[in-house]
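Chemist: When you get a sec, could you give me coordinates for this:
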Amino acid sequence: MMKKQDLFKLLTGEYGEGRSFRVSVKWVKENDREVYEHLLSIAENRILHDDWLVEYTFNDIDGEIEIIITAGEDRQMLNNQPAWIHETITLDEFLDFYEYEKYIKQLK
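Modeler: Okay, here's the model as predicted:
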């Protein structure tokens, strides 16, 4: 396993500039079940289309990870709405609750 400090830099950027990736709802359903269930619970009419985009963004906020996850039909929809999931947690909490290994693959 990679060192926590290296993982933190990979997620938040070498200089804390933040990193993000976009995947389809289908990818989230198959790879990140907890996030999928949460997105589904707040989706309008409880519908998430498999071809929609989901954007994951990670920022360094005073040594913790800010996670911003948004879903939408297209890039414009992603950019013009508030986050569906937005929290700032410690790296240890992040390691316990998120599918970070799958995120690393998307960020590389």
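Chemist: Please report phi then psi for the closest residue to Pro82 other than its chain neighbours.
Modeler: Among residues not flanking Pro82 along the chain, Thr70 sits closest, at 7.8 Å (CB to CB, 6 or more residues apart in numbering). Bear in mind the C-beta positions are built from the backbone N, C-alpha and C, glycine included. Backbone geometry at Thr70, expressed as degrees, to the nearest 10, gives phi -130, psi 140.
Chemist: Do I have it right that Thr70 meets Ala83?
Modeler: Yes: contact criterion CB atoms under 8 Å: Thr70 and Ala83 qualify, at 5.2 Å.
Chemist: Low-confidence bits of this structure, can you list those?
Modeler: 1 (pLDDT under 70).
Chemist: Identify the residues contacting Ser41.
Modeler: For Ser41, no residue meets the contact criterion (CB atoms under 8 Å, 6 or more residues apart in numbering).
Chemist: quick revisit: Thr70 and Ala83 - which one has more neighbours?
Modeler: Counting neighbours by other CB atoms under 10 Å for Thr70 and for Ala83 shows that Thr70 has the greater number, 22 against 15.
Chemist: bridging residues for the more buried one?
Modeler: Here Thr70 sits in beta bridges with Glu55, going by DSSP bridges.
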